[in-house]
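[1] build me a model:
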Amino acid sequence: MSKKAVVNNTPVCQVRMQGISDTMSILSGKWKFHILGTLMEGNKLGFMDLLREIDGIGSKMLSKELQDLEMNKLVSRTVMNTKPITVQYSLTEYGKTLSPLIDELAKWGIEYRQSIYKSKKN
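    As a prediction, this is how the structure comes out:
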């Protein structure tokens, strides 16, 4: 006679689910992965550079998402001493730790799309 495993009530599972919930909360929305991915490729970019690179995002939304990412210590904002004043955005050291996660998500998405495409052809 085998016992049915109870997964959700273990402390390990609760910590894991809280971690997933926290991650999803911080990275939720349509644009955060676009911004993070662009900064991973571009290193330091100005606001207008990000606006040009991220297809479809408006300036208000970009500003809001950058503020959220900065508040969560994933992106840093540097005001340059220029006239007119320019601002550069870059990933923080902690933000850079998302690189393997985003790379794996991209890889998974590419493979998933290919598998769906193949199944539709058959």
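[2] every contact and neighbour count from this point should use C-alpha atoms.
    Noted.
[3] now do the contacts for M80.
    With contacts defined as CA atoms under 8 Å, 6 or more residues apart in numbering, M80 is in contact with 86-88.
[4] now the strands for this protein?
    With DSSP state E as the criterion, the chain has strands at 44-46, 75-80, 86-91.
[5] of the contacts of M80, just say which sits nearest to E41.
    Q88 (14.3 Å; CA to CA).
[6] pull the number of nearby residues for the closest one.
    Each residue near Q88 was counted by other CA atoms under 10 Å, and the total is 17.
[7] any idea how far S25 is from it?
    25 Å (CA to CA, to the nearest Å).
[8] cool, and D103?
    19 Å.
[9] please apply the same query to G46.
    26 Å.
[10] got it, and L62?
    17 Å.
[11] more neighbours, those two?
    Legend: neighbour count by other CA under 10 Å for L62 and S25, higher for L62 (19 against 10).
[12] I'd say that one and L51 touch.
    Yes: taking CA atoms under 8 Å as the definition, L62 is a contact partner of L51 at 7.2 Å.
[13] okay, now the residue lying closest to L91 once chain neighbours are set aside: neighbour count?
    Nearest non-adjacent residue to L91, counting by CA to CA, 6 or more residues apart in numbering: V75, 4.4 Å away. Neighbour count for V75, taken as other CA under 10 Å: 23.
[14] for V75, give me its contacts.
    With CA under 8 Å, 6+ apart, V75 has these contacts: 66, 69, 89-92, 95.
[15] only the buried subset of the residues you listed, as a PyMOL command please.
    A single PyMOL command is used to select the members of the contacts of V75 judged buried by 16 or more other CA atoms under 10 Å:
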select buried, resi 66+69+89+90+91+95
